[in-house]
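Undergrad: Dropping the sequence and predicted coords here.
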Amino acid sequence: MSTTWIVSADAGRARIFAESDPQQPLQEVEDMVSANARLRDADINTDGGSPTAAPQGIHNTGGATPGKLYEPNQTPEQHDAERFAKDVCAFLLKGHQEQRFQKLTLVAEPRFLGVLRAQLNDQLKQKVDLELNKDYSHSNAHQLREQLQAHKAKS
């Protein structure tokens, strides 16, 4: 019988369940939490003021501020989400290489689903049989199964 791993995730937490028999309860395989999900925003974003960030210009004199050309490619939250998605995908790849599942279902908060999808390698992309852009990361196994069945019934 084939096993499906179901990933229920947002940018801070990913729960992975295994389903071998639709009549049996889902079995939790892993509960991953992003390291930065536990930190306060002030602990993550510790940027202090710079001369270009001071009010009224350089050294609070009201003088013109130098042009600031640097724009970060990602916000710290986007960077953390990408790192967490890489960790989740590494775990999935290891499970695939160990032949622990044959199909993959991704259920994730919409923005994180895009990040997660971008981190999947070709082997894992071929295993994805369903993607659902909903945040059920805090649902228990029974609630998650009900949501998936309701979604499949609509399709």
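TA: Looks like it came in fine. Numbers count the residues shown, from 1 in each chain.
Undergrad: next helix or strand past the longest helix along the chain?
TA: In terms of residue count, the longest helix belonging to the chain (DSSP state H) is helix 76-97. Scanning forward in sequence from helix 76-97 by DSSP states H and E, the next helix or strand is strand 103-108.
Undergrad: wait, isn't Lys134 in contact with Val107?
TA: Yes - using Cβ atoms under 8 Å, Lys134 is in contact with Val107, at 6.1 Å. C-beta coordinates here come from the backbone N, C-alpha and C atoms, glycine included.
Undergrad: More neighbours: which of the two?
TA: Neighbour count, other Cβ atoms under 10 Å: between Lys134 and Val107, Val107 has more, with 24 against 16.
Undergrad: Would you mind listing the residues in contact with the more buried one?
TA: 6-9, 131-132, 134, 136, 144, 147-148 (Cβ atoms under 8 Å, 6 or more residues apart in numbering).
Undergrad: Just the C-alphas of the longest helix of the chain, formatted as PDB.
TA: C-alpha atoms of helix 76-97 as PDB (Å, rounded to 0.1, in the frame of the first residue of the first chain):
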ATOM      1  CA  PRO A  76      14.100  39.300   7.400                       C
ATOM      2  CA  GLU A  77      10.700  37.400   7.600                       C
ATOM      3  CA  GLN A  78      11.000  36.300   4.000                       C
ATOM      4  CA  HIS A  79      14.600  35.100   4.600                       C
ATOM      5  CA  ASP A  80      13.500  33.200   7.700                       C
ATOM      6  CA  ALA A  81      10.600  31.600   5.700                       C
ATOM      7  CA  GLU A  82      13.000  30.600   2.900                       C
ATOM      8  CA  ARG A  83      15.400  29.000   5.400                       C
ATOM      9  CA  PHE A  84      12.600  27.100   7.100                       C
ATOM     10  CA  ALA A  85      11.300  25.900   3.800                       C
ATOM     11  CA  LYS A  86      14.800  24.600   2.900                       C
ATOM     12  CA  ASP A  87      14.800  22.700   6.200                       C
ATOM     13  CA  VAL A  88      11.400  21.200   5.600                       C
ATOM     14  CA  CYS A  89      12.400  20.200   2.000                       C
ATOM     15  CA  ALA A  90      15.600  18.600   3.300                       C
ATOM     16  CA  PHE A  91      13.500  16.500   5.700                       C
ATOM     17  CA  LEU A  92      11.200  15.500   2.900                       C
ATOM     18  CA  LEU A  93      14.000  14.600   0.600                       C
ATOM     19  CA  LYS A  94      15.600  12.400   3.200                       C
ATOM     20  CA  GLY A  95      12.200  10.700   3.700                       C
ATOM     21  CA  HIS A  96      11.800  10.200   0.000                       C
ATOM     22  CA  GLN A  97      15.300   8.700  -0.300                       C
END
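Undergrad: No further questions, thank you.
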